[in-house]
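Participant: Got a predicted structure here, sequence first:
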Amino acid sequence: MTDTATVDRQASTPITPTWPTNSATPPSLSPAPPTVPPAAASPLRSEHPARRRALALVAAAALAIGGGIGGGVIGNRLGEDDAVARVSTVSAAAAASTSQQLTAAEVAALVSPTVVDLVVSSGRQTSEGSGVILSEDGKILTNNHVIQGGGSIRITFSGGRTATATVIGRDTTHDLAVLQASGVSGLTPATLGSSANVQTGDGVLAFGSPLGLSGTVTAGIVSAIGRTVNGSSGGDLIQTDAAINPGNSGGPLVNMAGQVIGINQSIATTSQESGSIGVGFAIPSDTVTQVVKQLLS
């Protein structure tokens, strides 16, 4: 029988899973396990239950290990127009104002153009993640841990167009970073909703590029709100059972009106080599909005 771990549902203090007597160590935040491109090895993998022991909290960024990490990228908090005020799409705003619930296919079609793939290269090391378009002129939101290793940043948009990017602001406490893509305009920005309205049981979709599979969408519900997890930054997190895997970091968690209610950050796993077990965490959009405003002020 597969080992299990139970979690204390208290938002006021950090939660630490309680462990069966034969389990190993408590969870800790650590880099995602190394991955290889899907063309070289199938992302599908079975794992014998007997090997599933310790629950680990893992950043949901894909990391391909080669050489050492090169020089860091320093994010300057440059003065910019308030990108958050310009984050809007008419269809999502209209759906929200009328409390309209779209189908999963409708939400996917609406949100996918606002999601990007990120590849950060430094020497022989390459990390992969996801991001969300904040403005038509190329401001991109992602997790800080996706780009913290430094190096060149390449963004791929949903239509296949690519651009380089630089870091213009980062918040290590909340694990968020804002990038500026070069030479782009007329992009489709995402709609940031309010995480204050999120309730346990709400339907959600998670977007991103798990294991390099761009344009991936997974469905689930909000499993819990106000979750504080040891080893994870970002404060009170949204817990979801929508599948989140290495490469999803920085991608949006979206409600059924097409609004971003969180930024995918980390997952709980039974080992450093396993993928989603239906316990993922996202940084609430209200926190995201506050941080972005500060980074761009």
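Facilitator: That came through fine. Keep in mind that this is a model prediction, so the values were computed, not measured. Numbering: from 1, shown residues only.
Participant: Which strand runs longest in this protein?
Facilitator: Counting residues, the longest strand found in the chain (DSSP state E) is strand 216-227.
Participant: Report all helices and strands that the helix or strand that comes right after it contacts.
Facilitator: Next in sequence after strand 216-227, counting helices and strands by DSSP states H and E, comes strand 237-240. Packing partners of strand 237-240 (3 or more C-beta pairs under 8 Å, 6 or more residues apart in numbering; DSSP states H and E): strand 216-227, strand 260-269, strand 280-284. All C-beta atoms are positioned from the backbone trio N, CA, C, and that covers glycine.
Participant: Which of those sits closest to residue 146?
Facilitator: Taking C-beta to C-beta, strand 260-269 is the member of the helices and strands packed on strand 237-240 nearest to residue 146, at 9.9 Å.
Participant: Mind giving me the packing neighbours of that closest one?
Facilitator: Contacting strand 260-269 under the criterion 3+ C-beta pairs under 8 Å, 6+ apart are the following elements: strand 56-59, strand 125-133, strand 203-208, strand 237-240, strand 252-255, strand 280-284, helix 285-295.
Participant: pLDDT (mean, whole number) over it?
Facilitator: Taken as a whole, strand 260-269 carries a mean pLDDT of 93.
Participant: Any buried residues in it, and which?
Facilitator: Neighbour counts over strand 260-269 (16 or more other C-beta atoms under 10 Å) mark 260-269 as buried.
Participant: so that strand versus helix 285-295, what angle?
Facilitator: Strand 260-269 runs at 110 degrees relative to helix 285-295, counting by axes from the mean of the first three to the mean of the last three C-alpha atoms, to 10 degrees.
Participant: wouldn't residue 220 be in contact with residue 239 here?
Facilitator: No. At 10.1 Å, residue 220 does not count as touching residue 239 under the criterion of C-beta atoms under 8 Å.
Participant: And those two? Which one has more around it.
Facilitator: Using other C-beta atoms under 10 Å as the criterion, residue 220 and residue 239 rank with residue 239 on top: 22 against 19.
Participant: Run through the bridge partners of that one.
Facilitator: Beta-bridge pairing for residue 239 (DSSP bridges): residue 224, residue 281.
Participant: Look at it and report its pLDDT.
Facilitator: Residue 239 carries a pLDDT score of 96 in this model.
Participant: do residue 230 as well
Facilitator: Confidence score, pLDDT, at residue 230: 71.
Participant: what about it, distance to residue 268?
Facilitator: Distance, residue 230 to residue 268, by C-beta to C-beta, to the nearest Å: 11 Å.
Participant: And for residue 140?
Facilitator: Residue 140 is 27 Å from residue 268, where distance means C-beta to C-beta.
Participant: In this structure, what residue spans correspond to helices?
Facilitator: Along the chain, counting by DSSP state H, helices occupy 90-97, 104-111, 144-147, 285-295.
Participant: Okay, angle between the last one and strand 125-133 too, please.
Facilitator: For the pair helix 285-295 and strand 125-133, the angle between their directions (the same axes, to 10 degrees) equals 100 degrees.
Participant: can you pull the buried residues of helix 285-295?
Facilitator: 285-289, 291-292, 295.
Participant: Brilliant, that's me finished.
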